[in-house]
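Undergrad: what's the 3D shape of this:
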Amino acid sequence: MRLVDLCLLALAANVAVCIASDGKRVVRGEPEWRDGFRAPNKPRPNFVLIQTDDQARWDMVAMNKTVRLLTNEGVSFSNYMVNTPICCPSRTEIFSGRYYHNVGAPNGSCMHVNSEEMVFDKTSLFSTLQANGYLTGIFGKVTNDQGGYFCRRMMDAGMTMISSPCDYNNFYSQQYFVKLPNGTKYVEKLDGKLATTYQTSQIGNRSIAWIKEITASDADTPFFAYLGPHAPHYPADPAPWQTDNIFADVKAPRTPNWNESCPDKHEMIADNPPLNENATVFLDHQHQIRLLSLLSVDDVIESVYNTLKELNILDNTYIIFTSDHGYHLGQWCIPSSKEQPYDTDIFVTTLMRGPGIGAGSTVDAMVGNVDITPTILDLAGIEKPMAMDGKSLAKLVVTEENKFYDVSRGAAEIAADEWRKTFLIEYKSVGKFDNTHPVMWWPGKDFHGRHVHPPAAPCKTCPHWWLDGPSNTYRGLRLKNSTHDLFYGEFNPEWQFTNKTALFYEFYDVKKDPDQLNNIFKGTPEAVLSDLQQQLNAYSTCWGKSCP
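TA: Just a heads-up that it's a prediction; the model follows:
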């Protein structure tokens, strides 16, 4: 890869910008919007945020290096969830620190949210960090519509350096949008060779080159690096040098809810037929290539870690690993996708390593994607903008003395603030589509350069297995405490939920029914349901400090 001379510009620190209130949800006595400000005379850490795409918790079996470097040396979150289990909304929630109902849903242009606006908003993660003196480097997939705002319109607010694929869906994307710190912007065209253009490695190499350059030229300025590999999202192409299928004997997880018909779930799932042999073979193969694609992500994480160590800045850097949402592979007779409000799709492996974080520690509190940005800002000594709904996790994870975060302050905050016991799940269906993919279901057909086995006759009339549809529009609560583990959900294709206008309900006692197979809504006392609905009404309209 051609290395570009990265001529860095000095960034202005402590810039405060206010946007006039539009009259909605004004917090009394304080401006509605404002940029964070940096605490004076405090050292500032670096950050590396790595976000994979469509990664299920069980996929960590392919990431031994990441487990060794981040889980064993840092903290893992046993109850980390996403507010919306689909790409564009979840990513927008991460970078804005806001819930689905506060990022333009359900009328936005990118899977019903205003991702472009929120990514470049003055209170977003990138802009707030840059306004407070951070160098910000963006590598890989940010949101689904980045081909438009990067490669055609060349937008770059809040981003010091950008080197991201125009077509992130292509694991061999030949065009990258590049924005240099001196303001130069262009679309870079690669050489077309598979051996050198594999996207995951490109993202790793570009981010590492930038970290090395800024450390050499401007070591006193802290940085934030974002890496967004597309793996293990479909088509999940493994690296071209990954010629051996080391997961050939691994099958899609046969959990108790795998290929189980569920007539008491919402209509889309209730209508799905059982998975047949063709579908099963496809799912097993897909699971294998998803794992193979993650091997390269694992290599990148190890390389970034080693680079930080070689540059002697590892102990000054927080590394955060997460995914935009989870994934299912045949559970409840739904083949391979996300979008559902169940634990396979909303729970995500999230790891964090850095100064003051105890090695091998675990946080059991209910945390989520909206908390990532507030956490980074807090650790950077930057006040959270008023528009953000999430909460900083710093007080939960930083338990050892360090120069960046006051542990005694964190302890005092924990004592004064009981952490949330519920987490909000929201989603409006993006359309009715299935997982037929007839050619790919046929065993023996060539599928992305590899053959599906065992051979069998082609499926002439493949059934439809729905992945999403109008009935899959919902809001819900995931509740966990010392005595209860519950999911309560309301479904309505029209996105109307006030005054009991939901058309269908689901309620699971997950402690007794961890596979979420038995909908107990009809047998639950009205008082319990009324209380849950009141909590959900308040949570789904919250904003800023009013959010749990």
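Undergrad: CA only for contacts and neighbour counts going forward, please
TA: OK.
Undergrad: which residues touch Ser323?
TA: Contacts for Ser323 (CA atoms under 8 Å, 6 or more residues apart in numbering) come out as Gln51, Thr52, Asp53, Asp54, Gln55, Val348, Thr349, Thr350.
Undergrad: spatially central residue for this protein, please.
TA: Asp324 (1.8 Å; CA atoms, centre = their mean).
Undergrad: was I right to think it contacts Met81?
TA: No. Taking CA atoms under 8 Å as the definition, Asp324 is not a contact partner of Met81, at 9.5 Å.
Undergrad: need the overlap of contacts for those two.
TA: With CA under 8 Å, 6+ apart as the test, Asp324 and Met81 both reach Val348, Asn369.
Undergrad: ok, back up a step: return the distance of the residue nearest to the centre of the chain relative to Lys338.
TA: 10 Å (CA to CA, to the nearest Å).
Undergrad: what residues are shared contacts of these two?
TA: Asp54, Pro85, Ile86.
Undergrad: and which of those residues is nearest to Tyr176?
TA: Relative to Tyr176, the closest of those is Asp54; by CA to CA it sits at 22.0 Å.
Undergrad: and the closest one, how many neighbours?
TA: Asp54 has 26 neighbours, counted by other CA atoms under 10 Å.
Undergrad: for it, give me phi and psi.
TA: phi 70, psi 30 (degrees, to the nearest 10).
Undergrad: so what's it up against?
TA: Cys87, Ala231, Pro232, His233, Ser323, Asp324, His325, Gly326, Tyr327, Lys338.
Undergrad: got a PyMOL select line for the buried ones in the residues you listed?
TA: Of the contacts of Asp54, the buried ones go into a single PyMOL selection, burial set by 16 or more other CA atoms under 10 Å:
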select buried, resi 87+231+232+233+323+324+325+326+327+338
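Undergrad: which pair in the contacts of Asp54 spans the largest distance?
TA: Ala231 and Lys338 (14.6 Å).
Undergrad: shaky segments in the stretch 301-450 of the chain?
TA: For the stretch 301-450 of the chain, residues meeting the criterion pLDDT under 70 lie at 436-450.
Undergrad: can you pull out the helices in it?
TA: For the stretch 301-450 of the chain, applying DSSP state H, counting those that start in this stretch gives helices covering 343-346, 372-379, 394-397, 407-416, 438-441.
Undergrad: nearest to Lys522, of these?
TA: Closest to Lys522 of the helices of the stretch 301-450 of the chain is helix 343-346 (CA to CA; 21.3 Å).
Undergrad: who is Leu486 paired with across the strands?
TA: Leu479, Asp509 (DSSP bridges).
Undergrad: show me what contacts it?
TA: Leu486 neighbours (CA under 8 Å, 6+ apart): Leu477, Arg478, Leu479, Lys480, Phe507, Tyr508, Asp509, Val510, Lys511.
Undergrad: repeat the analysis, applying 6 Å as the threshold.
TA: Shown in contact with Leu486 (CA atoms under 6 Å, 6 or more residues apart in numbering): Arg478, Leu479, Tyr508, Asp509, Val510.
Undergrad: please apply the same query to Ser217.
TA: Ser217 neighbours (CA under 6 Å, 6+ apart): none.
Undergrad: same thing with Ile357?
TA: Gly74, Val397, Val398, Thr399 are the contacts of Ile357 under CA under 6 Å, 6+ apart.
Undergrad: repeat the analysis, applying 7 Å as the threshold.
TA: By CA atoms under 7 Å, 6 or more residues apart in numbering, the contact set of Ile357 is Gly74, Val75, Val397, Val398, Thr399, Glu400.
Undergrad: what about the residue lying closest to it once chain neighbours are set aside, distance to Pro355?
TA: Leaving aside its sequence neighbours, Ile357 sits nearest to Val398 (CA to CA, 6 or more residues apart in numbering; 4.7 Å). The gap separating Val398 from Pro355 is 8 Å, by CA to CA.
Undergrad: ditto for Pro253
TA: Distance, Pro253 to Pro355, by CA to CA: 36 Å.
Undergrad: before we move on, the earlier item: just the ones of the contacts of Ser323 in strands?
TA: Gln51, Thr52 (DSSP state E).
Undergrad: ok, Gly431 touching Asp468?
TA: Yes. With contact defined as CA atoms under 7 Å, Gly431 reaches Asp468; the gap is 6.4 Å.
Undergrad: strands along the stretch 201-350 of the chain, start to end?
TA: Ranges of strands in the stretch 201-350 of the chain, per DSSP state E, counting those that start in this stretch, are 223-228, 317-323, 328-329, 336-337.
Undergrad: can you pull the contacts of the residue lying closest to Asn316 once chain neighbours are set aside?
TA: Excluding the flanking residues, the one nearest Asn316 by CA to CA, 6+ apart is Pro45, at 5.2 Å. Neighbour list for Pro45: Pro222, Asn316, Thr317, Ala380, Phe404 [criterion: CA under 7 Å, 6+ apart].
Undergrad: mind redoing it with 10 Å?
TA: Residues counted as contacts of Pro45 (CA atoms under 10 Å, 6 or more residues apart in numbering) are 134, 221-224, 313-318, 354-355, 376, 379-381, 403-405.
Undergrad: now swap in Pro253 and tell me
TA: Trp58, Asp59, Leu283, Asp284, His287, His328, Leu329, Gly330, Gln331.
Undergrad: gap between Lys428 and Pro341?
TA: From Lys428 over to Pro341 (counting by CA to CA), the distance is 11 Å.
Undergrad: also Gln331?
TA: Separation of Gln331 from Pro341 (CA to CA) stands at 13 Å.
Undergrad: more crowded one of those two?
TA: Between Gln331 and Pro341, counted using other CA under 10 Å, the more crowded position is Pro341 (26 against 22).
Undergrad: name the nearest residue to that one, ignoring sequence neighbours.
TA: According to CA to CA, 6+ apart, the nearest residue to Pro341 is Ile425 (6.8 Å).
Undergrad: what's around the one you found, how many residues?
TA: Other residues within reach of Ile425, judged by other CA under 10 Å, total 27.
Undergrad: thought it was touching Asn369?
TA: No. The pair Ile425 and Asn369 does not pass the contact test of CA atoms under 10 Å, sitting 11.2 Å apart.
Undergrad: shared neighbours, those two?
TA: Met81, Val82, Asn83, Thr84, Tyr99.
Undergrad: isn't the fourth one right up against Asn369?
TA: Yes. With contact defined as CA under 10 Å, Thr84 reaches Asn369; the gap is 9.1 Å.
Undergrad: which neighbours do the two have in common?
TA: Common neighbours of Thr84 and Asn369 (CA under 10 Å, 6+ apart) are Ser90, Arg91, Thr92, Glu93, Tyr99, Asp324, His325.
Undergrad: which of the residues you listed lies closest to Tyr539?
TA: Closest to Tyr539, out of all of the shared contacts of Thr84 and Asn369 and judged by CA to CA, is Tyr99, at 9.7 Å.
Undergrad: burial count for the closest one?
TA: 32.
Undergrad: on that earlier part again, restricted to buried residues, select the contacts of Leu486 in ChimeraX.
TA: Selection of buried members from the contacts of Leu486 for ChimeraX, criterion 16+ other CA under 10 Å:
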select :478,479,508,509,510
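Undergrad: Glu413: which of the contacts of Leu486 is nearest?
TA: Leu479 (22.4 Å).
Undergrad: residue contacts, the closest one?
TA: Leu479 makes contacts with 366, 420-424, 485-488, 509-510, 532, as judged by CA under 10 Å, 6+ apart.
Undergrad: which of these count as buried?
TA: Applying 16+ other CA under 10 Å to those flags Met366, Lys421, Thr422, Phe423, Leu424, Asp485, Leu486, Phe487, Tyr488, Asp509, Val510, Leu532 as buried.
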